[in-house]
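# Predicted model, plus sequence, below.
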Amino acid sequence: MFTLRMASPSGPAPTCWIAPFPISGATLFATPVAPAAITLRAETDATAVRIIVEDAGPGVPPEALARLGEPLFRPDIARTREGGGAGLGLAIVKCCIEACGGTVEFANREPHGLRVTLSLPVTVA
């Protein structure tokens, strides 16, 4: 579990707890031939703080991208007993980020891989 605290000069700092599902999910498709290559970075500007998780896995079928983050949804490539999971991890992350006023975006990377962007608003008092 990650904790993100944002400084607020006008009062108590809001806190969001971010489960590590985007990172742990990225490791599921690692193999000796294609080891898990996960990039985690943060960006900020005047309106938002973004946490970006990128992996080098197989990505997600384009038609499944819009459904990632839905409770119990798992794309076809993840539907194996060996892969585990119930399709709740990204749904929990999305629910938590949205409860903090943020957004979660999913996109495939070229030539392969997935990018998950968690955006949280920055408010200036």
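Alright, I've got the coordinates.
# rest of the way, CA atoms for contacts and neighbours
Noted.
# Strands of the chain, start to end?
2-5, 15-18, 39-44, 48-54, 103-108, 114-121 (DSSP state E).
# As TSV, those with mean neighbour count would be great.
Below are those laid out as TSV (neighbours: other CA atoms under 10 Å):
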stretch	mean neighbour count
strand 2-5	11
strand 15-18	15
strand 39-44	12
strand 48-54	18
strand 103-108	18
strand 114-121	21
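# With distance to Ala66 and mean pLDDT as new columns, can those strands be given to me in TSV?
Converted to TSV, these look like this (distance: least, CA to CA, whole Å; pLDDT from 0 to 100):
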stretch	distance to Ala66	mean pLDDT
strand 2-5	25	48
strand 15-18	21	53
strand 39-44	22	87
strand 48-54	17	89
strand 103-108	8	94
strand 114-121	12	91
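# and Ala64, which of the ones you listed is closest to it?
strand 103-108 (9.9 Å; CA to CA).
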